[in-house]
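In: Have a look; sequence and predicted model below, questions after that.
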Amino acid sequence: NIIKKRVLKIVTTIVFGCLGSQHTISQDLDLEKDELKFGFIKLTDCAPIVIAKEKGFFEDEGLQVEVIAQPNWKTLLDNVINGDLDGAHMLSGQPIAATIGFGTKAHIITAFTMDLNGNGITVANSIWDQMKENDPKLNTSKPKHPITADSLKPIVQEKLDDGQKLQMGMVFPVSTHNYELRYWLASAGIHPGMYTKNDIGGRTDAEVELSVTPPPMMPATLEAGNIQGYCVGEPWNQQAVAKNIGVPVTTNYDIWKNNPEKVFGVTKEWADENPNTHLAVIKALIRAGQWLDATKKKGIFRRGLDLVNRKEAARILSQPNYVGADYEVIKNSMTGFFYFQKSDKREMPDFNVFYRYYCTYPWYSDGIWFLTQMRRWGQITEPKSDEWYHKTAKEVYRPDIYLKAAKMLLDEGVIDKADIPWDTDGYKPPTSDFIDGIEYNGKNPTILYGYGGFNISLRPSFSIANAVWMEQGGVYAVPNLRGGGE
């Protein structure tokens, strides 16, 4: 079977060469496995896998790939671990959480980041009406963004006074959506709850109750009244607008500009057994990202309409075997626009990023951010050293594999040298592009720049043990921070 495919590839190469094809011949890899099954969840950010199949990028690498929708993130991860799937479209937090043993234990690696941004937080119409009452500046057809959770806080308190809690959905405990929703709430002084050894639901001390709902079920669950808001990827925020059941109040671009969203994950065992196949897969995915972010004029990007392949991508994704949502709904964000309300359509050219800004590179600093959020909310129960964070990220994120695949594409003339961060150490520069303005530096994950403690304070006090420690040259510090409505 492999020999037949290689002969076909040679013949195809000769034919296309005679016809003057613009694509250079791909380097032949001795594939360990050429028939693969990849899983995905019905979200627009599954696009790199879908496009790699539909545009023939997998086939160019000698791969026959079946792309199979999964009902939820847990099933998807389990199927990768048990071998029913060779790899999958994964939440960025899934490979990390599995590797450290939060939830299902398995060593998962990623050599490819699938996209940046792409999520939103939507609230029910009734909640939006109350938010406008609490903040009159929101009571306009096009309110100023970003919208914080400040106007949500009185609603949360009113429910608590009545012995209830506001119910909000997110897609998985280690999802970007969970951490983004928590970040948004906490920045306004709303406690989203803590995970503990005895509370794997993360509801300890919560003022808002967060629960898991599969992405495609979010609009229906909101409409049924079981939740009053959610954080999810597209097209399920735009679906709420189309159905007139909810209002997206913010996107994750405003919570953390150009944040990593999904990755392509495989087990380390599979990667070790199939190194050439893995390289071929990463090559095809890089090409898919490049195709998705292709512009009218190479290298020139100003607005969403410059993205020449996005309408075609939206039509492909709208097929029932892929995302299966209405083409017009998918097209909104994929072509650089986002509806916050039917009266509020805005240009958001970076809502979905698949190649620009070195998107596809697997950054250590991205993995470390997820680890810091797991620690912040109690999923990691014990303090960890900087060394542990760096070591763990490097066990999961594999830029060495990515760069090897990229170098092959460069040699084939498929990508430009400027597209790839060849000389990076794997860490992005420190950034304050968060909704609360607090700086994150992946090289210093345990340094705290500021954090509201939900009315928990620690007063300075004298301790003979501390005095002895300091006499020996040690340093003892107690931060006393205020802010965030504390």
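Out: Thanks, I have it.
In: Tally up the residues packed near the residue lying closest to residue 117 once chain neighbours are set aside, please.
Out: Among residues not flanking residue 117 along the chain, residue 253 sits closest, at 4.7 Å (CB to CB, 6 or more residues apart in numbering). Where you see a C-beta, it was placed from the backbone N, CA and C, and this is true even at glycine. Neighbourhood size, residue 253 [other CB atoms under 10 Å]: 23.
In: try the one 5 residues further on
Out: Close neighbours of residue 258, defined as other CB under 10 Å, add up to 18.
In: And residue 218, by the same measure?
Out: Residue 218: 26 neighbours (other CB under 10 Å).
In: Kindly report the same for residue 380.
Out: Burial measure for residue 380: 20 neighbouring residues, criterion other CB under 10 Å.
In: From what I see, it and residue 101 are in contact.
Out: No: between residue 380 and residue 101 there is no contact under CB atoms under 8 Å: 10.1 Å.
In: returning to that earlier point: let me know the secondary structure of the residue nearest to residue 117.
Out: helix (DSSP: H, G, I helix; E, B strand; the rest coil).
In: which residues does it contact?
Out: Listed by CB atoms under 8 Å, 6 or more residues apart in numbering, the contact set of residue 253 reads 117, 259, 348, 350, 351.
In: Give the residue spans of the stretch 301-450 of the chain that score low on pLDDT.
Out: Within the stretch 301-450 of the chain, the ranges that satisfy pLDDT under 70 run 301-305, 447-450.
In: Do you have the strands of it handy? List them.
Out: Under the criterion DSSP state E, counting those that start in this stretch, the stretch 301-450 of the chain contains strands at 337-341, 344-347, 352-353.
In: Show me what the longest one is packed against.
Out: It stands for strand 337-341. helix 236-242, strand 246-251, strand 344-347 (3 or more CB pairs under 8 Å, 6 or more residues apart in numbering; DSSP states H and E).
In: Give me the contact list for the longest one.
Out: What it means is helix 236-242. 43, 119-122, 215-216, 218-219, 222, 230, 246-248, 251, 325-326, 328-330, 332-333, 338-342.
In: dump the residue contacts of residue 248.
Out: 120, 121, 122, 237, 238, 240, 241, 338, 339, 340.
In: can you pull up the bridge partners for it?
Out: Beta-bridge pairing of residue 248 under DSSP bridges involves residue 122.
In: now stretch 265-273: mean pLDDT?
Out: Mean pLDDT, stretch 265-273: 98.
In: cool, and stretch 277-286?
Out: 98.
In: can you list contacts of that stretch?
Out: 26, 29, 31-34, 36, 48-49, 52, 57-58, 60-63, 87, 111-112, 114, 264, 266, 270-271, 360, 401-402, 404-406, 408-409, 415.
In: give me that answer again for 7 Å
Out: 29, 31-33, 48, 52, 57-58, 60-63, 87, 111-112, 264, 266, 271, 360, 401-402, 404-406, 408-409, 415 (CB atoms under 7 Å, 6 or more residues apart in numbering).
In: CA atoms only for that stretch, dumped as PDB, please.
Out: Output in PDB follows, covering the C-alpha atoms of stretch 277-286 (Å, rounded to 0.1, in the frame of the first residue of the first chain):
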ATOM      1  CA  THR A 277       4.900  10.200  10.400                       C
ATOM      2  CA  HIS A 278       4.700  12.900  13.100                       C
ATOM      3  CA  LEU A 279       6.900  15.200  11.100                       C
ATOM      4  CA  ALA A 280       4.700  14.700   8.000                       C
ATOM      5  CA  VAL A 281       1.600  15.600  10.000                       C
ATOM      6  CA  ILE A 282       3.200  18.800  11.400                       C
ATOM      7  CA  LYS A 283       4.300  19.800   7.900                       C
ATOM      8  CA  ALA A 284       0.700  19.400   6.600                       C
ATOM      9  CA  LEU A 285      -0.700  21.300   9.600                       C
ATOM     10  CA  ILE A 286       1.800  24.200   9.100                       C
END
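In: For the stretch 151-300 of the chain, give me the ranges with low pLDDT.
Out: Along the stretch 151-300 of the chain, the model assigns pLDDT under 70 to residues 299-300.
In: what ranges do the strands span in it?
Out: Going by DSSP E, counting those that start in this stretch, the stretch 151-300 of the chain shows strands at 166-170, 194-196, 199-204, 208-212, 229-233, 246-251, 262-267.
In: got the contacts of residue 248 as JSON lines, with neighbour count and distance to residue 93 columns?
Out: Shown next, in JSON lines, are the contacts of residue 248 (neighbours: other CB atoms under 10 Å; distance: CB to CB, whole Å):
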{"residue": "120", "neighbour count": "29", "distance to residue 93": "18"}
{"residue": "121", "neighbour count": "27", "distance to residue 93": "17"}
{"residue": "122", "neighbour count": "30", "distance to residue 93": "21"}
{"residue": "237", "neighbour count": "30", "distance to residue 93": "20"}
{"residue": "238", "neighbour count": "27", "distance to residue 93": "24"}
{"residue": "240", "neighbour count": "27", "distance to residue 93": "24"}
{"residue": "241", "neighbour count": "23", "distance to residue 93": "27"}
{"residue": "338", "neighbour count": "22", "distance to residue 93": "24"}
{"residue": "339", "neighbour count": "20", "distance to residue 93": "28"}
{"residue": "340", "neighbour count": "25", "distance to residue 93": "27"}
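In: from these, which two are the most distant?
Out: Maximum pairwise distance among the contacts of residue 248 (CB to CB): 14.3 Å, between 121 and 339.
In: Any idea how many residues pack against the nearest residue to residue 330 once chain neighbours are set aside?
Out: With sequence-adjacent residues excluded and distances taken as CB to CB, 6+ apart, residue 330 is closest to residue 314, at 4.5 Å. Under the neighbour criterion other CB under 10 Å, residue 314 is assigned a count of 24.
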